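no sequence on this one, just coordinates:
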């Protein structure tokens, strides 16, 4: 007879308490009530016809946001990192050459993931805040002959929006798949998957989409599928194997879907709702709004005497603004002060940008002049109050 | 200038509609309003102190449910399959010997996952509905000298609850880690991780816990951590690397947590709430209730002339009952009829049990005599109405 020796924990007797907060960090962003309420609808089965219809709606919504006609378009049951692994696990076989552009944390992580599965990884590296010219990229493609080239469209750790013009063509010239991370940029900067020759594109639910974290849109071009479905070895992950996911999402030509894993149905509800909200506003309107609000924000910051971390205007990410960490201050004291005083999140750097920047994310419903005014007022106040705390 | 050529999809203009349903299949089960409401609380940051407190509560709740004092106890950001991969990816290195017990779909999947990462996999196989004696297990341990032995406690595809007595000791005698899947059994059958010598144990949120699918409790013994933290190679997945997860969940001895991935914070809210509901009832009471309700159900089925698929009473899983597919019927017509007429899900077989069984899951809040009466009435009606549809 088994004996229960560990008692129920006292901490669970306290009711769950969650503060309301202005989520103006690099994500997750605030989730509007409409999307939260969608997630609270009753659970149905992961193989019921109604959930397949919801998943089909999600596919259409992602095709719209990505501007792609790829049939192989769906959402991974996980966050952006899961999508990153899904892309690399499927597109790369052990021993193959991979090139990643490292100008912040995401390139580093993509390199690490490809290395773990036995990819021969090479990188091109730029200091935080920088980006790459097409000549630099071409040189590396020529030198390393990779099967996949990884680039982050929005480097949320540094605030860089990478120019994309011509990169798809370059990759294809060298018979390489173009893998783009648009977790931080999707919906907040112009991006057309098909037109720009992107072979694998993924994002996350918790940024411009304003859904809770936990699902990640992804799409594979015909060219990517050709490579993936002709692999010699199986991908290391069963959970992220594109053959299985394609069937689960009704993206293959099989007559019926078979059980793969139990999809997070409530997270699918909220993702569908967020795509519906997005479709109502329209892609171009969202791009324009994020740009306009970012410019308003950047002007306000500069008129306060703060400096933007990304020098070139056209390379500034509208969704996540990086501000040079104000001289003579401890950045952590600033973010703590603003959180304590205004219940408002802005954050410090991440990875290579730690200590160098403050980061402010204004994404989806948070991209408005009202939010900007709130952040500017909070920053002004913080700089006054934290002034004596020299590093 | 990029041109938007794909218009917003019409399908997203329809409001999201989700039916209310009796979820009496093998999972996901119904989620009580209290738990759904928890998930709809506002999003906070994945690195805010408040979410760390919620995660700490979750750890305590899982330690209670698992009856373990393992510090390395947390929830994976994914479903049961993600936890299965987390366990195997961390515990097994390429070239190592793995033994999996296959008496249904879960053993097959564990074998497949271990093979994909280069494990030398051997299996012991029993026909669906069967299980293994300790002598059979010992013989295989002796023969294959595995580093990990995989077993499903509750084989939800066949309805078998595997006896566990002495298996932990056997594994340790042969210097092997005992990895147990309790996705379907947790909370519905006696299980004490520490007392039974289980080294890695994982479950899912969407069964007895009655939370939405999307998080998966997991725990590693000291012995398992010893092996994992002395690996020669990195696990294939960055997302599931125990070193990173341990830090993210505050299970290591580092002074602070660093960013790993963006946890699904709303799913954590609902998991915490489901653990709180569970702690209120108490582990032993839940075990007893599931047993009592299952016996009431089984008696009812037999008095209808139906046969239980699992012969031995003590090996019947209380949470998922398998009924021999009634002779002369098309099982699919029965489940469809019941869904259509009663808005009630029961399901057919899965993997090796397809065509052999009907499966009824009564888990957590669904484990009650009222639910049983509902299922029995629906089954009686279905057998009357579907009778002429001979296979």
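That came through fine. Worth saying up front: this structure is predicted, and the values here are computed from it rather than measured.

what's the spacing between stretch A:253-268 and its chain's center?
23 Å (C-alpha atoms, centre = their mean, to the nearest Å).

can you map out the helices along the stretch 101-250 of chain A?
A:105-116, A:134-144, A:167-173, A:222-228, A:242-248 (DSSP state H, counting those that start in this stretch).

list the helices and strands the fourth one packs on?
So that's helix A:222-228. Using 3 or more C-beta pairs under 8 Å, 6 or more residues apart in numbering or on different chains; DSSP states H and E, the elements in contact with helix A:222-228 are helix A:80-91, strand A:177-181. In this view, the C-beta of every residue, glycine as well, is placed from N, C-alpha and C.

List the contacts of stretch A:321-341.
A:129, A:158-159, A:294, A:297-298, A:301, A:306-310, A:344-349, A:353, A:355-362, A:378-379, A:381-383, A:385-387, A:389-391 (C-beta atoms under 8 Å, 6 or more residues apart in numbering or on different chains).

Figure out which of the helices and strands packed on helix A:222-228 is closest to residue B:12.
Nearest of the helices and strands packed on helix A:222-228 to residue B:12, taken as C-beta to C-beta: helix A:80-91 at 21.2 Å.

buried ones in that closest one?
A:80, A:81, A:82, A:83, A:84, A:85, A:86, A:87, A:88, A:89, A:90, A:91 (16 or more other C-beta atoms under 10 Å in any protein chain shown).

Relative to chain B, which of those residues is nearest.
residue A:81 (4.3 Å; C-beta to the nearest C-beta).

Go ahead and confirm that closest one touches residue B:237.
No - between residue A:81 and residue B:237 there is no contact under C-beta atoms under 8 Å: 9.4 Å.

Distance check, the residue of the stretch 101-250 of chain A found nearest chain B against residue A:43.
Nearest to chain B, among the residues of the stretch 101-250 of chain A, is residue A:214, at 3.5 Å (C-beta to the nearest C-beta). Distance of residue A:214 to residue A:43, given as C-beta to C-beta, to the nearest Å: 15 Å.

okay, those two: which has more neighbours?
Comparing residue A:214 with residue A:43 by neighbour count (other C-beta atoms under 10 Å in any protein chain shown), the higher total belongs to residue A:214, at 34 against 26.

So what does that one look like in phi/psi?
The phi and psi values for residue A:214, taken as degrees, to the nearest 10, are phi 140, psi -10.

so it makes contact with residue B:270?
No - under the criterion of C-beta under 8 Å, residue A:214 is not in contact with residue B:270, lying 11.0 Å apart.

okay, the helices of the stretch 101-250 of chain A in CSV with mean pLDDT and mean neighbour count next?
What follows is those, written out as CSV (pLDDT from 0 to 100; neighbours: other C-beta atoms under 10 Å in any protein chain shown):
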stretch, mean pLDDT, mean neighbour count
helix A:105-116, 97, 23
helix A:134-144, 98, 15
helix A:167-173, 98, 18
helix A:222-228, 98, 18
helix A:242-248, 98, 20
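
how about these, which one is nearest residue B:261?
helix A:105-116 (9.7 Å).

Now do residue A:259 against residue B:308, distance only.
23 Å.

of the two, who's got more company?
residue B:308 (19 against 15).

what's the closest non-adjacent residue to that one?
residue B:298 (5.9 Å; C-beta to C-beta, 6 or more residues apart in numbering or on different chains).

Quickly find the element holding that neighbour.
helix B:283-303 (DSSP states H and E).

Any buried residues in that helix, and which?
Buried, per 16+ other C-beta under 10 Å, within helix B:283-303: B:283, B:286-287, B:289-291, B:293-294, B:296-298, B:300-301.

How about stretch A:154-164?
A:154, A:155, A:156, A:157, A:158, A:159, A:160, A:161, A:162, A:164.

What is the nearest of the residues you listed to residue B:32?
Distances from residue B:32 to those, taken by C-beta to C-beta, are shortest for residue A:156, at 36.9 Å.

so what's that closest one closest to, chain neighbours aside?
Looking at residue A:156 with C-beta to C-beta, 6+ apart, the closest residue is residue A:184, at 3.8 Å.

just residue A:197 next, same as before
residue A:168 (2.2 Å).

hang on, isn't the one you found packed against residue A:198?
Yes - using C-beta under 8 Å, residue A:168 is in contact with residue A:198, at 5.9 Å.

quick one on the thing from earlier: reformat the helices and strands packed on helix A:222-228 as a markdown table; add distance to chain B and mean pLDDT.
Below are those laid out as a markdown table (distance: least, C-beta to the nearest C-beta, whole Å; pLDDT from 0 to 100):
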| stretch | distance to chain B | mean pLDDT |
| --- | --- | --- |
| helix A:80-91 | 4 | 98 |
| strand A:177-181 | 14 | 98 |
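
among those, which is nearest residue B:103?
helix A:80-91 (29.2 Å).

Show me what that closest one is packed against.
With contacts taken as 3+ C-beta pairs under 8 Å, 6+ apart, helix A:80-91 sits against strand A:73-76, helix A:105-116, strand A:148-152, strand A:177-181, strand A:200-202, strand A:216-220, helix A:222-228, helix A:242-248.

Show me the shaky parts of chain A.
A:388-391 (pLDDT under 70).

and it, what are its domains?
A:22-28+A:283-385, A:33-279 (the TED database).

so of the ones you listed, which one's packed in deepest?
For the domains of chain A, the largest average neighbour count (mean count of other C-beta atoms under 10 Å in any protein chain shown) is found in domain A:33-279, namely a mean of 22.
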